[in-house]
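Participant: this is a predicted model, with the sequence first.
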Amino acid sequence: MKVLARPSRLSGSATISGNKSNTIRAVFFGTLAAGRSVIRNPSQGKDSLAAVEVCRRFGAAIECGAGTWTVDGVGMDLGVPSDVIDTMNSGTTLSFALATAALTNGFSFITGDYQIRRRPYGPLLNALQELGAVTFSSRGQGLAPVAVHGVLRGGSCRISGFNSQWISPLLFAAPLTREGVSIKVVDEPLERGYIDITIGWLRRQGIEVENRDYQAYRVEGGKTYRPFEEAVPGCWTSAAYPLVAAAITDSEVVLRGLRCDDFQRDKSILEVLRAAGADVETADDAIRVRGGRPLSGFEADCLDCPDNMPILAVLGTQAAGRTVLRNIHHARVKETDRPAVMARELTKMGARFELSDDVLTIYGGPLRGASVEGHDDHRVVMACTVAALAARGETEISGAEWVSISFPEFFQVMRSLGAEAAMA
């Protein structure tokens, strides 16, 4: 499906729905708690729904309403899945499914779509083996499809900090092991904000995590999870698109449902917007951005917020001078090589880039309408749509349907604010 987008001036307010990283964790924590958990304001994206289907395979009974989900969890009485588990396009779901399978006394067979099947999970599989599970990658190199047999006993393991999706599931499973778990990170820890989200869920469960500067962790074993009722905070990653859209056009937008004290490090978008010269105000749960001001080049560290990288590239095209995005190498192994893909597609619109392994440099200048590819990547599609709102002429973006992965309301929200974006 394609979307045609034109230069637009935005105004008004919108409410941002729940964060998918929190939603997925809530579903898995609820599954491993014996009793009924209530999740309010969940993300309705396909990644979150993938987590629901996976947890149903392990025995949870889950009802998904418009604004509230209920999870009747099974505690440690996990069922052995009767069929292959499909995590669809969700890397977070795959990683937590691997850890859950390692707690199950039987074999689980886990896979995902074509993008998931090319993403490496070898470090997590090796760590699970160190802790007592049996794992097998059918194609080698830690790639799905994967077979996992529990039960984790606990102990110590070593793992790379390159991907938080290798560490978070170990922390999630650790309290449920007999011995507890000690984790040693053998290189620079990245994506620390997602680790914070996981630790936040553990602490709400009354479980202490010893975190030594993200280089080593210790979690005591012999614990259980208890049912809960939690509201999922609004998603800062999703909010970045309308916020940047307002900043790069002569617009004024107010977003609600966001919490500045949340663990999500993608809220750093506010700091970046201010560094670029945008007019940003925060009050309670309302974030206001006014456009129409000249923007200047900025530097941003994507170490802990790789998902913001595509929209930051768009912001950089509309900032005078040079913009530098650093620590982007882990954004290159997401659904796509996002730095390369964004540089390729925005170049079609007249932008100028320099790309190395770990740095993307953007030179600000006018954009023109063009036909660009979304590369089956929800964040690329949304970022290119925002770029089109500041370009001269009409832009055609392929893959509009992929926004349903994380922000299914994206086009609805943008149109409600005045964006001219119609399905072709």
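Facilitator: Good, I have the coordinates.
Participant: quick one: which helix or strand includes the closest residue to residue 269 other than its chain neighbours?
Facilitator: Leaving aside its chain neighbours, residue 269 sits nearest to residue 240 (4.4 Å; criterion: C-beta to C-beta, 6 or more residues apart in numbering). In this view, the C-beta of every residue, glycine as well, is placed from N, C-alpha and C. Using DSSP states H and E, residue 240 sits within helix 236-248.
Participant: cool, residue 354 as well?
Facilitator: strand 352-355.
Participant: report the buried residues of that strand.
Facilitator: Residues of strand 352-355 classed as buried: 353, 355 (neighbour count, 16 or more other C-beta atoms under 10 Å).
Participant: parallel or antiparallel, which strands does it pair with?
Facilitator: The pairing partners recorded for strand 352-355 under DSSP bridges are strand 359-363 (antiparallel).
Participant: before we move on, back to that, the residue nearest to residue 269 against residue 310, yeah?
Facilitator: No - with contact defined as C-beta atoms under 8 Å, residue 240 and residue 310 do not form a contacting pair (9.2 Å).
Participant: remind me what the helix or strand containing residue 37 packs against, helices and strands.
Facilitator: Using DSSP H and E, residue 37 maps to strand 34-40. Strand 34-40 sits against helix 20-31, strand 68-74, strand 229-231, with contacts defined as 3 or more C-beta pairs under 8 Å, 6 or more residues apart in numbering; DSSP states H and E.
Participant: partners of the shortest one, with directions?
Facilitator: I take that to be strand 229-231. strand 34-40 (parallel).
Participant: assign residue 335 to helix, strand or coil.
Facilitator: Assigned state for residue 335: coil (three-state reduction, DSSP: H, G, I helix; E, B strand; the rest coil).
Participant: show me the contacts for it.
Facilitator: Taking C-beta atoms under 8 Å, 6 or more residues apart in numbering, we find residue 335 in contact with 89, 115, 375-379.
Participant: recalculate using a threshold of 10 Å.
Facilitator: Contact partners of residue 335, counting by C-beta atoms under 10 Å, 6 or more residues apart in numbering, are 89, 91, 113, 115-116, 118-119, 341, 375-380, 402, 405.
Participant: wait, isn't residue 285 in contact with residue 239?
Facilitator: No - using C-beta atoms under 10 Å, residue 285 makes no contact with residue 239, being 11.2 Å away.
Participant: overlap in contacts of the two?
Facilitator: Contact criterion C-beta under 10 Å, 6+ apart; residues shared by residue 285 and residue 239: 16, 255-258.
Participant: just those: which are in strands?
Facilitator: The members of the shared contacts of residue 285 and residue 239 that map onto strands under DSSP state E are 255-256.
Participant: redo the shared contacts of residue 285 and residue 239 as TSV? Include distance to residue 299, pLDDT and neighbour count.
Facilitator: Shown next, in TSV, are the shared contacts of residue 285 and residue 239 (distance: C-beta to C-beta, whole Å; pLDDT from 0 to 100; neighbours: other C-beta atoms under 10 Å):
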residue	distance to residue 299	pLDDT	neighbour count
16	26	96	26
255	25	97	24
256	30	95	14
257	29	93	20
258	24	94	24
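Participant: could you turn the buried ones of the contacts of residue 335 into a PyMOL selection?
Facilitator: Of these, the buried ones can be selected in PyMOL as follows, counting by 16+ other C-beta under 10 Å:
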select buried, resi 89+91+113+115+116+119+341+375+376+377+378+379+380+402+405
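Participant: picking up where we left off before, next, the angle helix 20-31 makes with the helix holding residue 240.
Facilitator: Here the directions of helix 236-248 and helix 20-31 differ by 170 degrees (axes from the mean of the first three to the mean of the last three C-alpha atoms, to 10 degrees).
Participant: tell me the mean pLDDT over helix 236-248?
Facilitator: Averaging pLDDT along helix 236-248 yields 98.
Participant: begin at 233 from here
Facilitator: Sure, I'll start numbering at 233, so the last one becomes helix 468-480.
Participant: which parts of that helix are buried?
Facilitator: 468-480.
Participant: rewinding a little: so which of the helices and strands packed on strand 266-272 comes closest to residue 600?
Facilitator: helix 252-263 (33.1 Å; C-beta to C-beta).
Participant: how about stretch 519-534: buried residues?
Facilitator: 519-523, 527, 529-530, 532, 534.
Participant: just give me the closest of those to residue 257.
Facilitator: Among the buried residues of stretch 519-534, and counting by C-beta to C-beta, the member closest to residue 257 is residue 534, at 22.1 Å.
Participant: what's the domain layout of the chain?
Facilitator: Taking automatic domain parsing as the criterion, the chain consists of the domains 234-249+465-655, 252-463.
Participant: first-to-last residue distance for the last one?
Facilitator: Right, the one you point to is domain 252-463. This stretch, domain 252-463, spans 12 Å end to end (C-alpha to C-alpha, to the nearest Å).
Participant: now it, how far from the centre of its chain.
Facilitator: 15 Å (C-alpha atoms, centre = their mean, to the nearest Å).
Participant: and it, average pLDDT?
Facilitator: 97.
Participant: what's around the spatially closest residue to residue 458 that is not a sequence neighbour, how many residues?
Facilitator: Spatial nearest neighbour of residue 458, excluding adjacent residues (C-beta to C-beta, 6+ apart): residue 265 at 5.5 Å. For residue 265, the neighbour count with other C-beta atoms under 10 Å is 21.
Participant: what distance do you get for residue 265 to residue 428?
Facilitator: Distance of residue 265 to residue 428, given as C-beta to C-beta, to the nearest Å: 21 Å.
Participant: residue 517 now?
Facilitator: 20 Å.
Participant: next: residue 330.
Facilitator: From residue 330 over to residue 428 the distance is 21 Å, taken as C-beta to C-beta.
Participant: cool, and residue 560?
Facilitator: 20 Å.
Participant: more crowded one of the two?
Facilitator: Neighbour totals were compared for residue 560 and residue 428, and residue 560 leads with 26 against 19 (other C-beta under 10 Å).
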